[in-house]
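Trainee: coords below, sequence missing:
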């Protein structure tokens, strides 16, 4: 489930800490359910489930409900240690587990940025990822969002697919069919008329 926090410049550190579920020293504390100052900018991070060895997409949507365009903002998508970045869309630059984009969003519109990831062998059941948007000239993020990539166990058949010989499966099905047909013929002969 994606969590998004809208913050003003003064409460940016506390707002991003709330999105991350952590405290920032020196930042004003936010009580559970406390309203943050309204901002025309919104950020939503959505993650998919993924099986080990598979790939998932992290989709970050930057929305601008204000009348003026946002130009030269910076979007930083932090990808957790248990995930390997496979690819970032557009002009996303990948460095040290972070994908960075220059963002421009016209008033009343939104822009979507995606990162394709693969869980590492040692990844746990869930690996969190966080995205933050910084406006030009601001030191603190204006808005942050966080979500977790759920690493699921592969289905039994998909785990067995690499270990099962298709010829053996076909042979087994043929034997089962022959045995079933023989049993039906035997039952037909033995049954009194």
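Mentor: Yep, that arrived. These numbers come from a predicted model, not from an experiment.
Trainee: contact partners of the helix or strand residue 173 falls within?
Mentor: Using DSSP states H and E, residue 173 sits in helix 166-190. For helix 166-190, there are no external contacting residues (CB atoms under 8 Å, 6 or more residues apart in numbering). Backbone N, C-alpha and C define where each C-beta goes, glycine included.
Trainee: just stretch 82-89 next, same as before
Mentor: 55, 77, 79, 94, 97, 99, 101, 113-120, 122-124, 127, 129, 149, 151.
Trainee: hmm, 10 Å instead?
Mentor: For stretch 82-89, contacts defined as CB atoms under 10 Å, 6 or more residues apart in numbering pick out 47, 50, 55-59, 77, 79, 92, 94-95, 97-101, 112-129, 149, 151.
Trainee: Let me see the mean pLDDT of that stretch.
Mentor: Average pLDDT, stretch 82-89: 90.
Trainee: please begin residue numbering at 51 from this point
Mentor: OK, 51 is where the count begins now, so the last one is stretch 132-139.
Trainee: Just the buried residues of that stretch, please?
Mentor: 132, 133, 135, 138 (16 or more other CB atoms under 10 Å).
Trainee: what stretches of this protein score poorly on pLDDT?
Mentor: 51-88, 172-174, 204-215, 233, 236-238, 240-243 (pLDDT under 70).
Trainee: Show me where it has its helices.
Mentor: Per DSSP state H, the chain carries helices over the ranges 62-70, 206-210, 216-240.
Trainee: who's in contact with residue 126?
Mentor: Residue 126 neighbours (CB under 10 Å, 6+ apart): 110, 148, 149, 150, 151, 180, 181, 182, 183, 184, 191, 194.
Trainee: Surely the first one is in contact with residue 155?
Mentor: No. With contact taken as CB atoms under 10 Å, residue 110 and residue 155 are classed as non-touching, separated by 12.0 Å.
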